[in-house]
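Colleague: for reference, the sequence and a predicted model appear below.
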Amino acid sequence: MPELPEVETMVRGIRPALLGRTIVRASLSHIDVLRGVTRPRLLRILTGATIHDVTRRAKHGVIHLERYRFVLQPGMTGNLLIYDRALAAAESKYAVLRAQLDSGVEFVFRDVRRIGTLLLLDERGWARYDAGLGPEPLDPGLTVEAFAERLRHSRAAIKKVLMDQRRLVGIGNIYANEALFRAGIDPSKPAHRVSAEAWPRLFQHTQRLLRAAIDSEGTTFRDYRTGTGQPGSFQLELMVYERQGEPCRRCGTRLAGTHDIDGRITVFCHRCQG
DNA sequence: ACGAGGTCCTGCGAGC
DNA sequence: TGCTCGCAGGACCTCG
């Protein structure tokens, strides 16, 4: 489930191969991933386009073309991949978008479940898209005050608020669970009741967690791979996610699992996250 | 304005 | 063995 660290890793992985390259041929196997653009139009614009930059915004990859930004939202099982060889049958089966570069390398958006989406935005569209997203948690300009201010007014559970991309981007279910454990905050606590002294802790642990996960090239359970096809390794460092029923790594208490918040699996330690 | 809940997708594993 | 069903969840939508 690509969240900020996974998308950052994929973008870093594909960037060197894409930078300055021209797309000589493009194909799209399913149109249900497209938003606001038709297949003929997308392929017409991609073909012959030169890639000026590849960046990340929130949990999305952004391929900068001359007049457009091509936004790839991996969703749950989406991958941004570079191949310097022919694809095996199993690899091409789920290759939703394929783009041959003038270097001979192939860029692929692979997505088994196709919850992922593709957007082609002009400058106005990009501005609207960007404005609808919250700040980047690793932006050096983001202060603890601004972080807390954006989250603390909601009456919803802090875990749900932390995952709300309009308030703060990049955090999904895995890192929300992990950040709240590391900060010692009960995931079900309404955000407006989180204590003043807990916000700096949450801010610091969230940043530290995301940086560590990037260093480990993300968390791989099943589908996620780096831009060059390697699994990440942060799954080895998870404290709570996928560990319900197992002992807390800090105090040994049996970790609780619940679907009570936003219908998503929440794992936490009753003792460490009182 | 805000929050809750439904929908899209397919592979996988549990249960019968 | 072979089937059904529930679940995984990011983004987006509608409804209250």
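Modeller: The structure has been received and is ready for your questions.

Colleague: my guess is residue A:56 meets residue A:8, correct?
Modeller: Yes: shown here, residue A:56 and residue A:8 form a contact pair, counting by C-beta atoms under 8 Å, at 5.2 Å. To be clear about C-beta, it is placed using only N, CA and C from the backbone, and glycine gets the same treatment.

Colleague: what residues does the stretch 151-274 of chain A have near DNA strand B?
Modeller: Residues of the stretch 151-274 of chain A lying near DNA strand B by C-beta under 7 Å from any atom of the strand: A:153-156, A:160, A:222, A:263.

Colleague: outline the domain layout of chain A.
Modeller: Domains of chain A are assigned by automatic domain parsing as A:4-131, A:144-268.

Colleague: now distance to DNA strand C too, for those, in TSV please.
Modeller: Listed next are the domains of chain A as TSV, based on distance: least, C-beta to the nearest atom of the strand, whole Å:
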stretch	distance to DNA strand C
domain A:4-131	3
domain A:144-268	3
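
Colleague: of all the ones you listed, which one is nearest residue A:138?
Modeller: Smallest distance to residue A:138 across those (C-beta to C-beta): 5.9 Å, for domain A:144-268.

Colleague: straight-line length of the closest one, end to end?
Modeller: 24 Å (C-alpha to C-alpha, to the nearest Å).

Colleague: chain center to it: distance?
Modeller: 13 Å (C-alpha atoms, centre = their mean, to the nearest Å).

Colleague: run a quick neighbour tally on the closest residue to residue A:38 other than its chain neighbours.
Modeller: Among residues not flanking residue A:38 along the chain, residue A:31 sits closest, at 7.6 Å (C-beta to C-beta, 6 or more residues apart in numbering). Per other C-beta atoms under 10 Å, the neighbour tally for residue A:31 reads 12.

Colleague: I'd say residue A:31 and residue A:41 touch.
Modeller: No: counting by C-beta under 8 Å, residue A:41 is not a contact partner of residue A:31; they are 11.2 Å apart.

Colleague: let me have the domains of chain A in JSON lines, extended by distance to residue A:138.
Modeller: Converted to JSON lines, these look like this (distance: least, C-beta to C-beta, whole Å):
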{"stretch": "domain A:4-131", "distance to residue A:138": "8"}
{"stretch": "domain A:144-268", "distance to residue A:138": "6"}
